[in-house]
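Structure for this input, please:
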Amino acid sequence: MNRTVLDLWVGIFVAIGIAAFLFLALKVGNLSSGHLSETYTIQARFDNIGGLKARGPVKSAGVRVGRIADIRFDPQTYEAVVTMDIDGRYRFPRDTFAAIYTSGLLGEQFIGLDVGGDDKMLKAGDTVTKTQSAVVLEKLISQFLFNKAAEGAGSEMTNRLVTWKMLAGIGCLVAGTIAHGGSALAEESVRDPFEGFNRGMFAVNEGLDTVIVKPVAQAYDFAVPLPAKAGVGSFFGNIVDVRNVLNNALQGKLADAGNDLGRLLINSTVGIFGLFDVASELGLEKHDEDFGQTLAVWGWDDSSFLFWPLIGPRTVRDTGGWIVDVYTDPTWYTLHKSAAALNSLVALRFVDVRASLLPTDKVVEEAALDKYSYVRDAYLQRRRNQIFDGSPPRLVDVLD
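Predicted structure coming up:
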């Protein structure tokens with residue numbers, strides 16, 4: 001009986017492998033029946049691209065119109081040269097403005113094309129001359145701190161002018177962040193009726209993180225080689241694609257569900273159980289969907305904020321969605337007979353996620369006057385951005 005079950009699973013895996021190789025062959029040969037169409041290539045030059053990555057999206061009016069094909073450094077001009085493949089169905093004027101934006105406050109970076117008014121259109125090989133580089137938050141913070149430390153170097157009048165300039169600059173930065181993210185902090189704060197409880201849980205979480213979690217994550221980050229950490233992240237990311245397939249289908253986004261299914265097939269076989277993210281190299285976009293977002297799409301679009309120790313920031317809606325996500329995670333079913341293996345895998349996943357967040361600790365500590373409010377507002381803004389797939393609608397001005 002056990003031999004029969006084993007043969008069955010081997011047969012299923014072989015069938016998945018064949019399907020993945022077929023999908024891979026179609027993808028490489030440009031024969032897949034997806035939404036791919038003929039493209040043309042344009043370039044843009046930036047002084048600083050921040051965290052922009054190859055194969056990232058190129059958008060106009062919030063709609064994806066192409067992708068980033070290549071990023072290289074020009075040693076003559078000391079600029080970053082970004083090559084973009086634009087869908088042949090879309091043509092843009094020659095005076096189009098290219099800027100690097102961030103989805104929400106902490107999301108991925110992408111290139112946005114703002115249409116100009118020129119009658120002549122960009123063609124293959126042209127260069128977009130009007131560009132805006134990425135806003136690097138760490139650089140702004142360090143510049144602010146440096147200026148603050150140098151206040152005593154000038155006269156009293158000069159110091160006052162510098163102070164007013166810094167305050168004005170910070171005000172513009174905050175206003176721009178709020179406007180771009182499409183979410184007002186004042187509006188988000190009213191969604192925190194359990195603030196007393198949440199602040200208590202946040203303090204407990206900070207204590208656990210300081211004493212246990214963060215030191216373990218730092219040791220992991222220091223001891224584990226970068227290729228191994230990349231493999232661990234890709235492995236768990238491949239498991240998350242199961243969740244992405246289910247929730248994209250439940251939200252009616254069947255094209256994205258098919259994309260994620262293709263990622264799952266390729267990375268589980270060609271990528272050796274997800275250790276290597278082959279699908280991203282082939283241009284299959286990585287999505288981030290969960291049942292909390294599905295509930296929002298179904299109509300539960302407003303929910304009160306909650307903070308849980310170790311689990312982190314959530315809302316009432318997202319807490320319920322998280323429970324569903326846990327029970328639909330394949331990890332719990334593939335290793336249910338081995339408690340030791342399951343606990344080790346869950347711990348590794350938790351530590352790997354915490355280690356990936358280590359670079360943001362310094363930014364949050366230096367930028368936030370109230371760390372709890374900063375984390376809460378950033379989470380709510382990021383969730384709204386995720387629910388609307390990076391293009392949230394404008395909110396009515398809170399001053400009206």
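
can you give me phi and psi for F305?
phi -80, psi 140 (degrees, to the nearest 10).

State the distance from it to N48.
Plainly put, F305 is 34 Å away from N48 if you go by Cβ to Cβ, to the nearest Å. Every residue, glycine included, has its C-beta placed from N, CA and C.

Who has more neighbours out of these two?
F305 (23 against 13; other Cβ atoms under 10 Å).

so what's the more buried one up against?
E188, R191, D192, F194, N198, P313, R314, T315, R376, Y379, L380 (Cβ atoms under 8 Å, 6 or more residues apart in numbering).

make it 7 Å
F305 makes contact with R191, D192, N198, T315, R376, L380, according to Cβ atoms under 7 Å, 6 or more residues apart in numbering.

and if you look at S133?
S133 is in contact with F46, D47, N48, I49, I100, counting by Cβ under 7 Å, 6+ apart.

rerun at 10 Å
R45, F46, D47, N48, I49, G50, L52, E79, A80, A99, I100 (Cβ atoms under 10 Å, 6 or more residues apart in numbering).

Just the pLDDT for it.
For S133, the pLDDT comes out at 87.

go on, T360?
So T360 comes in at 84 (pLDDT).

Got the domain ranges for this structure?
Following automatic domain parsing, one gets these domains for the chain: 41-135, 138-172, 185-251+289-387.

Can I get those in CSV including distance to S280?
Shown next, in CSV, are the domains of the chain (distance: least, Cβ to Cβ, whole Å):
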stretch, distance to S280
domain 41-135, 6
domain 138-172, 25
domain 185-251+289-387, 9
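
Of these, which shows the lowest average pLDDT?
Least confidently modelled of these is domain 138-172, at a mean of 50 by mean pLDDT.

Determine which of the domains of the chain approaches I272 most closely.
domain 185-251+289-387 (8.9 Å; Cβ to Cβ).

For that closest one, what is the distance to the chain centroid?
Chain-centre distance of domain 185-251+289-387: 13 Å, with Cα atoms, centre = their mean, to the nearest Å.

Ok, stretch 96-112 next?
The gap between where stretch 96-112 is centred and where its chain is centred comes out at 11 Å by Cα atoms, centre = their mean.

rewinding a little: out of the contacts of S133, which comes closest to T39?
For the contacts of S133, the residue nearest T39 by Cβ to Cβ is L52; the value is 18.8 Å.

Quick check: that closest one touching A80?
Yes - between L52 and A80 there is a contact under Cβ atoms under 10 Å: 8.1 Å.

Extract the CA atoms of stretch 69-77 and return them as PDB.
Only the C-alpha atoms of stretch 69-77 are listed here, as PDB (Å, rounded to 0.1, in the frame of the first residue of the first chain):
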ATOM      1  CA  ALA A  69      14.800  45.000 -19.400                       C
ATOM      2  CA  ASP A  70      18.300  46.000 -18.200                       C
ATOM      3  CA  ILE A  71      20.100  48.400 -15.800                       C
ATOM      4  CA  ARG A  72      23.700  49.300 -16.300                       C
ATOM      5  CA  PHE A  73      26.200  52.000 -15.100                       C
ATOM      6  CA  ASP A  74      27.700  54.500 -17.600                       C
ATOM      7  CA  PRO A  75      31.300  55.100 -16.500                       C
ATOM      8  CA  GLN A  76      31.500  58.200 -18.700                       C
ATOM      9  CA  THR A  77      28.600  60.200 -17.200                       C
END
